[in-house]
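K.L.:
dropping a prediction and its sequence here:
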Amino acid sequence: MKVGVIGTGYVGLVTGACLARVGHRVRCMDNDTAKVERLQRGMMPIYEPGLEELVRQGVGEGLLEFTDALAAVVEHAEVLFITVGTPSRPDGSPDLSAVRAVARSIGQHLDGRYRVIVNKSTVPVGSGNWVRMLVEDGARKTVPTLTDGGSPGVQAGEPDFNVVSNPEFLREGSAVWDTFHPDRIVIGAESGRAEQVMRELYRHWVSPDEPGREPVPLVVTDLASAEMIKYAANAFLATKISFINEIANICERVGADVSRVAQAIGLDKRIGHQFLNAGAGWGGSCFPKDVSALVSTGQEYGYECALLKATLSVNDTQRKRIIEKLQRELRILKGRTIAIWGLAFKPHTDDIRSAPALEVANQLLNLGCRVVAHDPVVTAAQAHTQVPDLQIADSALGALDQADALVVMTEWPEYPALDLGEVGRRLRGRVIIDGRNCLKREMVQELGLVYVGIGR
Ligand SMILES: NC(=O)c1ccc[n+]([C@@H]2O[C@H](COP(=O)([O-])OP(=O)(O)OC[C@H]3O[C@@H](n4cnc5c(N)ncnc54)[C@H](O)[C@@H]3O)[C@@H](O)[C@H]2O)c1
Ligand SMILES: O=c1ccn([C@@H]2O[C@H](COP(=O)(O)OP(=O)(O)O[C@H]3O[C@H](CO)[C@@H](O)[C@H](O)[C@H]3O)[C@@H](O)[C@H]2O)c(=O)[nH]1
């Protein structure tokens, strides 16, 4: 099928490349011309395992191409994905300006042939109807002509399209794997015709012809439910982490070990082990903005989201607890040098949007510390866009020279694999705050270092 993807970021680029991999002809568009030019030269704008090879393959086979011209994508595609960003506004509600701009522009370029317009960006309930209205508004400002493939009963000059909600559940750092192996595909459709188009688009997933490959469950709902499913999933996962962080905080007070507690409660199949890692709190481009957006939707409808507000509040406090732990061990923080391992909001990504590490770094700088950080993929230039005074070391061990304490903020697998003896020799002070419970506590303690984890 001919597919268009508008917004070539984490979701758009991965979606486009994966759809090309299964044989669709995909044209990806972005209004960031520099990004498009880099992609056309084969350079990846983001770090995501497996993506570069997939893009190279798609381009090589002539199935994947990049453009900054929206008209070229609308002209090409039967199915048009909207995958632009929907960041938080200061009041917590989502900023839908990019979705608005794209929906109107799609309308302006429709030519009378039937299109399915797919909202893959995370957008509040009701956005499907709103996008339909915006596309119609855009179309009214143009004089389209009906060409081959128009729907019976649709007059020349009327835009012929349906809007579908198809929320995305991929995780950064494993986005390509997640796209090929989703737990479910959700389609919120307003017409049977659009649903059939989406079934055909995802045929490789929902009706695989490869022997041994299990079909992915397809959940077809109305538009509003599909939009809500996305928010409910993220809010549940964020709440699960805030829950275990709260348990960790109680564990610290009573002398229990949250790792053992999580392991044991996770054996209960109703609870499960995933998303029970206590730590310095959740971040990233999705959980913070999506939980806030759901609270904001509740407010819009006069409902107080007490549980979700607590989820947010526990998470805010969790980052501050790293500072409290340092204060407890070092007393005076002013004039201290603190090393931070890991800046990305989680391992295997270069994304620093709402990264707990950067918030902790900022707090330490405000308290008068020198902060020297290392991350395997986040560059100094990237980090300085958010924390200009942060010093960046070339290596994890290099960050330790002169440091009074080490704080581990992202559980990159290379950190626990480092020679702890060398860590002890390089570190000027004796304190290690393991904000992700990823180091071997006993080994750290055997070296005469002070180990402070989360909830253990
Ligand atoms: N990042 C994730 O892990 C993830 C997972 C699931 C859902 N989502 C949702 O998907 C959406 C996109 O997220 P993302 O992380 O890929 O964002 P992103 O910021 O990485 O990418 C968005 C892209 O859209 C482009 N863009 C903005 N305005 C545009 C316009 N008018 N025309 C064309 N391109 C435009 C930007 O230049 C950028 O390249 C968001 O709603 C997000 O909540 C993200
Ligand atoms: O047990 C855990 C699991 C995760 N985290 C933190 O939670 C955040 C989010 O992690 P993760 O969910 O793995 O990454 P994202 O890429 O943000 O993915 C989430 O957000 C995406 C965007 O909406 C969704 O598509 C995914 O399904 C959802 O998992 C990170 O800061 C992690 O460090 C923990 O603290 N403890």
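P.N.:
Cool, the structure landed. Ligands and ions are numbered 1, 2, ... in the order given.
K.L.:
just the buried positions in the helix or strand hosting N234, please.
P.N.:
Assigned by DSSP states H and E, N234 falls within helix 223-254. Within helix 223-254, the residues that count as buried by 16 or more other C-beta atoms under 10 Å are 223-224, 226-231, 233-235, 237-249, 251-252. The C-beta positions use only the backbone N, C-alpha and C, and glycine is treated the same way.
K.L.:
what residues does the chain put near ligand 2?
P.N.:
122, 168-172, 234, 237, 241, 275-277, 279, 282-284, 286-287, 290, 345-346 (C-beta under 6 Å from any ligand atom).
K.L.:
list buried members of those residues by neighbour count.
P.N.:
For the residues of the chain next to ligand 2, a neighbour count by 16+ other C-beta under 10 Å gives the buried set as 122, 168-170, 172, 234, 237, 241, 275-277, 279, 282-284, 286-287, 290, 345-346.
K.L.:
where does the chain have low pLDDT?
P.N.:
Within the chain, the segments meeting pLDDT under 70 span 142-157.
K.L.:
backbone dihedrals for H374, please?
P.N.:
phi -140, psi 140 (degrees, to the nearest 10).
K.L.:
now do stretch 286-294: distance to the chain's middle.
P.N.:
Centroid separation for stretch 286-294 versus its chain: 11 Å, with C-alpha atoms, centre = their mean, to the nearest Å.
K.L.:
residues contacting that stretch, please?
P.N.:
86-88, 92-94, 122, 124, 230-232, 234-235, 237-238, 282, 305, 308, 311-312, 315, 354 (C-beta atoms under 8 Å, 6 or more residues apart in numbering).
K.L.:
which of the three states applies to I187?
P.N.:
Recorded secondary structure, I187: strand (DSSP: H, G, I helix; E, B strand; the rest coil).
K.L.:
contacting residues for A98?
P.N.:
Here A98 is in contact with G7, V84, G85, T86, S121 (C-beta under 8 Å, 6+ apart).
K.L.:
likewise L449?
P.N.:
Per C-beta under 8 Å, 6+ apart, neighbours of L449: V423, G424, L427, R430, V431, I432.
K.L.:
in three-state terms, how would the closest residue in space to A393 that isn't next to it in sequence be classified?
P.N.:
Spatial nearest neighbour of A393, excluding adjacent residues (C-beta to C-beta, 6 or more residues apart in numbering): A399 at 3.7 Å. Three-state assignment for A399 (three-state DSSP): helix.
K.L.:
separation between A399 and C28?
P.N.:
Using C-beta to C-beta, to the nearest Å, A399 is found at 37 Å from C28.
K.L.:
who has more neighbours, these two?
P.N.:
C28 (28 against 25; other C-beta atoms under 10 Å).
K.L.:
where do the strands sit along the chain?
P.N.:
2-6, 25-29, 64-67, 79-82, 115-119, 161-165, 185-189, 218-221, 337-341, 370-374, 391-392, 405-408, 431-434, 450-452 (DSSP state E).
K.L.:
quick one: list the elements packing against the last one.
P.N.:
What that stands for is strand 450-452. helix 306-330, strand 431-434, helix 441-446 (3 or more C-beta pairs under 8 Å, 6 or more residues apart in numbering; DSSP states H and E).
K.L.:
give me whichever of those is most buried.
P.N.:
Neighbour counts (mean count of other C-beta atoms under 10 Å) averaged over each of the helices and strands packed on strand 450-452 peak at strand 431-434, with a mean of 25.
K.L.:
between the contacts of L449, which is nearest ligand 1?
P.N.:
The shortest gap between ligand 1 and any of the contacts of L449 belongs to I432, at 30.1 Å (C-beta to the nearest ligand atom).
K.L.:
quick one: contacts for the closest one?
P.N.:
A405, L406, V407, V408, V423, L439, V444, L449, V450, Y451, V452.
K.L.:
do that again at 7 Å, thanks
P.N.:
By C-beta atoms under 7 Å, 6 or more residues apart in numbering, I432 lies in contact with L406, L439, V444, L449, V450, Y451, V452.
K.L.:
what residues does the stretch 201-350 of the chain have near ligand 1?
P.N.:
Within the stretch 201-350 of the chain, the residues that sit near ligand 1 (C-beta under 6 Å from any ligand atom) are S285, C286.
K.L.:
report the spatially nearest residue to the residue in the chain that ligand 1 sits nearest to, omitting neighbours in sequence.
P.N.:
The nearest approach of the chain to ligand 1 comes at G9, 1.8 Å away (C-beta to the nearest ligand atom). Spatial nearest neighbour of G9, excluding adjacent residues (C-beta to C-beta, 6+ apart): G85 at 6.4 Å.
K.L.:
return the set of residues that bridge with V163.
P.N.:
I117 (DSSP bridges).
K.L.:
wait, doesn't it sit right on E190?
P.N.:
Yes: V163 lies in contact with E190 (C-beta atoms under 7 Å); the separation is 6.4 Å.
K.L.:
what residues sit buried inside stretch 260-272?
P.N.:
V261, A262.
K.L.:
and that stretch, how far apart are its ends?
P.N.:
One end of stretch 260-272 sits 14 Å from the other (C-alpha to C-alpha, to the nearest Å).
K.L.:
now do stretch 207-221
P.N.:
Termini of stretch 207-221 sit 19 Å apart (C-alpha to C-alpha).
K.L.:
neighbouring contacts of that stretch?
P.N.:
With C-beta under 7 Å, 6+ apart as the criterion, stretch 207-221 contacts P182, R184, I185, V186, I187, G188, A189, E195, W205, V206.
K.L.:
quick one: which of the residues you listed has the most company?
P.N.:
Going by other C-beta under 10 Å, G188 tops the contacts of stretch 207-221 with 28 neighbours.
K.L.:
thanks a lot, see you next time.
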